[in-house]
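**Student:** Sequence plus the predicted model coming up.
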Amino acid sequence: MSNLDWDSKTVIGFKAKAPKVTRNASDLNAARRTGAVVATDKKVTAGGNKARPGPDHQRIAKLDRENEVAPPPKVNASVGKAIQTARMEKQLTQKDLAQKTNEKPSVIQDYESGKAIPNAQVLSKFERILGVKLRGADIGKKLEGPKKS
């Protein structure tokens with residue numbers, strides 16, 4: 001308690017002056033005359049032509065094009081054809097097949113048109129319901145029942 005200074009003042013509610021940003025020369029000269037600390041910063045992109053990017057942007061764009069990721073593979077057309085023929089043989093509509101596999105009708109439509117990204121779980125559901133092989137070498141071949149020993 002002996003190291004308290006009773007003569008010092010603590011001002012409550014005093015706000016420090018925030019730095020002022022000026023854009024004209026007269027305010028800048030007035031600040032210099034009063035002896036205030038003056039710092040000048042130049043904008044990095046000031047005066048640039050935004051319509052025509054510089055060489056850095058061209059180089060970055062070229063790197064982006066080189067690093068393009070290949071789109072994921074789509075379902076083979078033979079798989080879509082096999083789903084469609086097996087579905088027709090069982091006299092199922094796309095909506096019926098969707099209900100049996102707990103998928104949306106748009107998923108069946110995408111698989112039949114060859115626009116879907118292959119998913120092993122979905123294809124196995126289709127194989128089980130339709131009784132046709134949809135993965136591997138012999139796509140469209142009828143599945144045999146479980147092997148008995």
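**Tutor:** Okay, I see it.
**Student:** which SS state does the residue nearest in space to the middle of the chain fall under?
**Tutor:** Central residue of the chain (Cα atoms, centre = their mean): residue 69, 12.8 Å from the mean position. Of the three states, residue 69 takes coil according to DSSP: H, G, I helix; E, B strand; the rest coil.
**Student:** One more: residue 134?
**Tutor:** coil.
**Student:** ok, it - contacts?
**Tutor:** 79, 82, 83, 123, 126, 127, 140 (Cβ atoms under 8 Å, 6 or more residues apart in numbering). Any C-beta I mention is one placed from the backbone N, CA and C, and that applies to glycine too.
**Student:** The first one: what's it in contact with?
**Tutor:** By that I understand residue 79. Applying Cβ under 8 Å, 6+ apart to residue 79 gives the contacts 111, 114, 118, 123, 134, 139.
**Student:** quick one on the thing from earlier: and the two most separated of the contacts of residue 134?
**Tutor:** 123 and 140 (12.8 Å; Cβ to Cβ).
**Student:** So for those two, which sits in the more crowded spot?
**Tutor:** Under the criterion of other Cβ atoms under 10 Å, the comparison of residue 123 against residue 140 puts residue 123 first, with 18 against 14.
**Student:** Give me the next element, helix or strand, following the lowest-mean-pLDDT helix or strand in the chain.
**Tutor:** In the chain, no helix or strand scores lower on mean pLDDT, DSSP states H and E than helix 55-66, which sits at a mean of 70. Later in the chain than helix 55-66, the nearest helix or strand by DSSP states H and E is helix 77-89.
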